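Enquirer: Let's see this in three dimensions:
(chains A and B)
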Amino acid sequence: MPWRTLRQIIRVGIATEPAPPAAPWPADAAAPAHEIAAQLRAVLGRAVAIRAVDAGSCNGCELEMHALTNPYYNIEGLGIRFVASPRHADLLLVTGPVAANMAAALRRTYEAVPAPKRVVAVGGCACDGGVFGESYTSLGRIANVIPVDVEVPGCPPEPSAILRGILQALSR
Amino acid sequence: MTEIAAFLADLDVRAVAQRGPLTILRAQVTRAQWRAAAPAARARGGRLVALWGTDRRAALGHDVVAAAYGLADGLAWLELPLGADAGENPRYPSLAAVYPCAGRMQRAAFDLSGLAAEPGAGEPIDARPWLRHAAWPAGFHPLRDASDGAARCAAPAEDYAFVAVAGDGVHEIAVGPVHAGIIEPGHFRFSVVGEKVLRLEERLGYVHKGIERRFAGMTLADGARLAARVSGDSTVAYGWAYCMAAEALAGVDPPPRAAALRAFALERERVANHLGDLGALGNDAGFAFGLAQFSRLREDWLRRNAECCGHRLLMDWIVPGGVSADPGAAQLDRLLADLAVLERQVREIEAIYDAHAGLQDRFVGAGAVPAELARRLDLTGMAARASGVGTDLRQTLGPPPYPDLGVRVAAVQGGDVAARVALRFAEVYESLRLLQRLLQELPAGPVRLHLAADRGPPGACAAGWIEGWRGEVLVALETGDDGRIRRAHCHDPSWQNWPALEHAVIGNIVPDFPLINKSFNLSYSGQDL
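Expert: Just a heads-up that it's a prediction; the model follows:
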C-alpha cells in the first residue's frame, strides 16, 4: 500500500509555517526560515542540539515541546533538533518547578552538557515555581538549581513561544 | 437492591450519600469491616479506586485511612478511624492481598501520612518508601506532621533496594530518571538475558512536588487551578472531578449548558491525546509518517481549542459552578464542521496503519496483558478495555450529559499494543460522534453559576469521579473548620496501571519497551503528585 501513503503525503502537502521572530534577535518581523538557519550557523557553526529535561512539570510543557516537533514548526528545517544525551547537547530546555527528587538528576544533566551551553527555562513553574511554589519537596524555579539564560513564561507556553526562547538564548 | 447498597449491607454499615449527580456514599467502618470490605467488593466485581490517609487529629482526635471502591452503580468511600493512642505510625489492615494495586498506594500513604499497612499472617509486605526519596527523612510525614509545608529538610540519600535477578547471563539495564526523549522522568530497572526482559522494576516519585500539601488552606475557588495541573494531559478530567467535589460541598449544580460544554471539553481532551499517541506509536515502530500526520492533526485540534476556548489544552476551562466562557455561535459552527473532516483523515491513516505489514509486525503480540491477568492486576481505564475487561464510567456512571448520550464502549480483545492502538482509533470515532451530538443539542442558558462563597461548609467531605482519557480520575475533598480545604486527594488511574506495565513487558525484547510503554502512556506527574 505505499501508493496510499504517498497519496496522503501529497494531499497534505507542506504544512510548515514561517518561524516566529525571536525577540530581540532576529531584530524585527518574521524572519524567513532560511535566514534563521543561516544565523544559527553563524552563531554555532552548525545545527543546534537540544536536550529536554522535565524537572517536575505536570507534563503540560512537554506536550507543547512535542508540538514544536510537528510539521507546522519544522524545527529540524531550522537546524534545531532534540537529542537523546546531554553530552550531545548545546542547550537544555528545562520544565517544571524543580522537584527535590529531581534536583540531583538536573544538576548532573547540566554538568554533562559540554560548554559553552545554554539553558532555557520553559513554563511558568520553571520561571517562578508556578502553582506549586516552593515547599518541602519543591525547590521552585529552575534558576534556584542551575544557571538559566532565558525564561519562557506561560502555562504552558505555546510552541512558538518556546521556539522564540530557544532563538533568544542562542543569540546571547 | 442496587450493587452498592448490597455491598454496604454485606458490611452492615450505614452510609451518607453525597449531594450531586453520582451515587457516592461515605461511611465510617470498624477494623473488621475494613478487612471484610475488600473481598466483598472483589466478589461483586468492584474495583479499589484509591486509598489515602487523612490527619483529623486536630478536629476529631484521630487519623483516618480511606479507601474508595468502585461498584457497578456507585462509589463507596470507607473511612477507618485510627485511634489517638495509635502512636507515631497508626496501623491498619493491608488491602494488598486482595487488591495488589493497593501496594504502592499504601507505601505512599505511609510516606505522606505516616499510616502503616499491616499485612495479614504470612502475607509479604513491601515496606520500601515510594514517594520519599531523599528530600525528607524517614520520620517526617508531610501531610501529618506539624509543618508549614515550606520548611525543607536535609536528609541523607538512601539506597533503594531494587529486586535483584540472579542467573547465568543475567544483567541489569538502568534507565532514567532522565529519559532519551521529551518525556516525564522515572527510573526503570530491567533484568535481561540477551535482549529478552526477565523482569522490569519501576521506581517513580521523581516529580513529587507536594501537590496534596499545597491544597491545604486553599479556598474551593483557588484549588481548581492546582487540580487542573495534577497531570497536564488530563487537565479537563481533573478540573471536572475537582469541581464536581467542590460543587457538592458548595451545594450548587452546574447549569445544563455548562455540563454539556464540560463533556465537550473532556471528549476534545480524549481526542487530542489519542491523536498524539497514535502518531507516537507509529513513530516508535519506525513509521515516521504516522507521527507527521497525526501531530499535524493534533496541532489543528489544539489551535481550534485556543481559538474557541482560549487555551490549547483547555486548562482552567472548567471552573467551580460551570465553565469559564461561552464560545460564540460562529465558533460552535466551526467546531462542528471540523468533526467530519477529522474523521475522514483519521480513517485514511488507519487504513494505512492496518495495511502496513512492518507496523503490524511490531504492534501485534507486543506487551500483551491477557484478560485474566488484567483482572488480577486491577488494570483500569483505556488499557483495561483493550484487554477486554473494565468499564467506562461515561457509560455507566457519567454525570450529565452522559446518561443521555448513550456512550458506546469499543469492544477490543487481546491486550497487546495492537489492541491499545485499535481501541484508540475506536474511541476517537466515538468521541467525534459524541461531540457532534453535544454541539448539535447544546442546551441554551448560562454557562456558569457563581458559588455563593469560595469556602465550603466546615468539616465536610465530597468526591468527584470522572472517566478521563486514560481512565477514572477521583478527587476527594475535605474542608476544615474554616471551610477551606484541609485535605485534597487526587487519584490518577496510572496508580493501577504502572504495576501492570511491569508484567506486560516480561518476555518482550528491550527495544520494544518504548513502544509498549507508549501504548499505555501512563502519567508520572499524576501518580507522583
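Enquirer: okay, which residue is most central for chain A?
Expert: A:Leu93 (4.6 Å; Cα atoms, centre = their mean).
Enquirer: How far away from the center of its chain is stretch A:145-153?
Expert: Mean-position distance between stretch A:145-153 and its chain equals 11 Å (Cα atoms, centre = their mean, to the nearest Å).
Enquirer: Now it: average pLDDT?
Expert: Taken as a whole, stretch A:145-153 has a mean pLDDT of 96.
Enquirer: can you list the weak-confidence ranges in chain B?
Expert: B:1, B:84-86, B:146-149, B:453 (pLDDT under 70).
Enquirer: Show me the domain layout of it.
Expert: Segmentation of chain B into domains, based on automatic domain parsing, reads B:1-133, B:211-528.
Enquirer: So what would you say the end-to-end distance of the longest one is?
Expert: Okay, so that is domain B:211-528. End-to-end distance for domain B:211-528, by Cα to Cα, to the nearest Å: 9 Å.
Enquirer: which one of the domains of chain B is the most hemmed in?
Expert: Mean neighbour count (mean count of other Cβ atoms under 10 Å in any protein chain shown) peaks for domain B:211-528 among those, with a mean of 21. (Glycine included, C-beta is placed from N, CA and C.)
Enquirer: What segments of chain A are strands?
Expert: A:48-54, A:80-82, A:91-95, A:118-122, A:150-152 (DSSP state E).
Enquirer: Let me know the helix or strand that B:Arg132 is in.
Expert: Using DSSP states H and E, B:Arg132 falls within no helix or strand.
Enquirer: so who does it touch?
Expert: By Cβ atoms under 8 Å, 6 or more residues apart in numbering or on different chains, B:Arg132 lies in contact with B:111, B:138, B:205.
Enquirer: got the contact list for the second one?
Expert: In this structure, B:Ala138 makes contact with B:129, B:132, B:155, judged by Cβ under 8 Å, 6+ apart.
Enquirer: Find the residue closest to B:Val271 in space, skipping its chain neighbours.
Expert: B:Ser431 (5.0 Å; Cβ to Cβ, 6 or more residues apart in numbering or on different chains).
Enquirer: can you redo the contacts of B:Arg132 as a markdown table with secondary structure?
Expert: Putting those into a markdown table (DSSP: H, G, I helix; E, B strand; the rest coil) gives the following:
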| residue | secondary structure |
| --- | --- |
| B:Asp111 | helix |
| B:Ala138 | coil |
| B:Gly205 | coil |
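Enquirer: so where's chain A shaky on pLDDT?
Expert: A:1, A:20-37, A:39-41, A:43-45, A:172.
Enquirer: Mind telling me which residue of it is nearest chain B?
Expert: Across chain A, the shortest distance to chain B (Cβ to the nearest Cβ) belongs to A:Gly60, at 2.8 Å.
Enquirer: give the contact list for that residue.
Expert: Contacts for A:Gly60 were tallied using Cβ under 8 Å, 6+ apart; they are A:123, A:155-156, B:229, B:232-233, B:235, B:313, B:315.
Enquirer: what residues are up against B:Ala237?
Expert: Contacts of B:Ala237 by Cβ under 8 Å, 6+ apart are B:266, B:269, B:466-470, B:473.
Enquirer: Just the element for it, please.
Expert: helix B:235-250.
Enquirer: Alpha carbons only: can I get that helix in PDB?
Expert: Provided in PDB are the C-alpha atoms of helix B:235-250 (Å, rounded to 0.1, in the frame of the first residue of the first chain):
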ATOM      1  CA  THR B 235      -6.400  18.800  32.900                       C
ATOM      2  CA  VAL B 236     -10.000  18.700  31.900                       C
ATOM      3  CA  ALA B 237     -10.600  15.400  33.700                       C
ATOM      4  CA  TYR B 238      -9.000  16.700  36.900                       C
ATOM      5  CA  GLY B 239     -10.800  20.000  36.600                       C
ATOM      6  CA  TRP B 240     -14.100  18.300  36.300                       C
ATOM      7  CA  ALA B 241     -13.500  15.800  39.100                       C
ATOM      8  CA  TYR B 242     -12.400  18.600  41.400                       C
ATOM      9  CA  CYS B 243     -15.300  20.900  40.500                       C
ATOM     10  CA  MET B 244     -17.800  18.000  41.000                       C
ATOM     11  CA  ALA B 245     -16.500  17.600  44.500                       C
ATOM     12  CA  ALA B 246     -16.400  21.400  45.200                       C
ATOM     13  CA  GLU B 247     -19.900  21.800  43.900                       C
ATOM     14  CA  ALA B 248     -21.200  19.000  46.100                       C
ATOM     15  CA  LEU B 249     -19.700  20.900  49.000                       C
ATOM     16  CA  ALA B 250     -21.000  24.300  47.900                       C
END
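Enquirer: so after that helix, what's the next helix or strand?
Expert: With DSSP H and E, the next secondary element past helix B:235-250 is helix B:256-284.
Enquirer: and that next one with helix B:235-250, angle?
Expert: 150 degrees (axes from the mean of the first three to the mean of the last three Cα atoms, to 10 degrees).
Enquirer: Packing partners of the helix or strand that helix B:256-284 is followed by?
Expert: The helix or strand immediately downstream of helix B:256-284 is helix B:288-309, counting by DSSP H and E. Applying 3 or more Cβ pairs under 8 Å, 6 or more residues apart in numbering or on different chains; DSSP states H and E, we find helix B:288-309 packed against helix A:2-12, helix A:60-68, helix B:256-284, helix B:329-355.
Enquirer: quick one: helix B:288-309 to chain centroid distance?
Expert: Distance, centroid of helix B:288-309 to centroid of chain: 24 Å (Cα atoms, centre = their mean).
Enquirer: repeat for stretch A:71-89
Expert: 9 Å.
Enquirer: Contacts only, for the residue of the stretch 401-529 of chain B found nearest chain A.
Expert: Nearest residue of the stretch 401-529 of chain B to chain A: B:Ser525, at 4.9 Å (Cβ to the nearest Cβ). B:Ser525 sits next to A:57-59, B:184, B:207, B:209, B:230-232 when contact means Cβ under 8 Å, 6+ apart.
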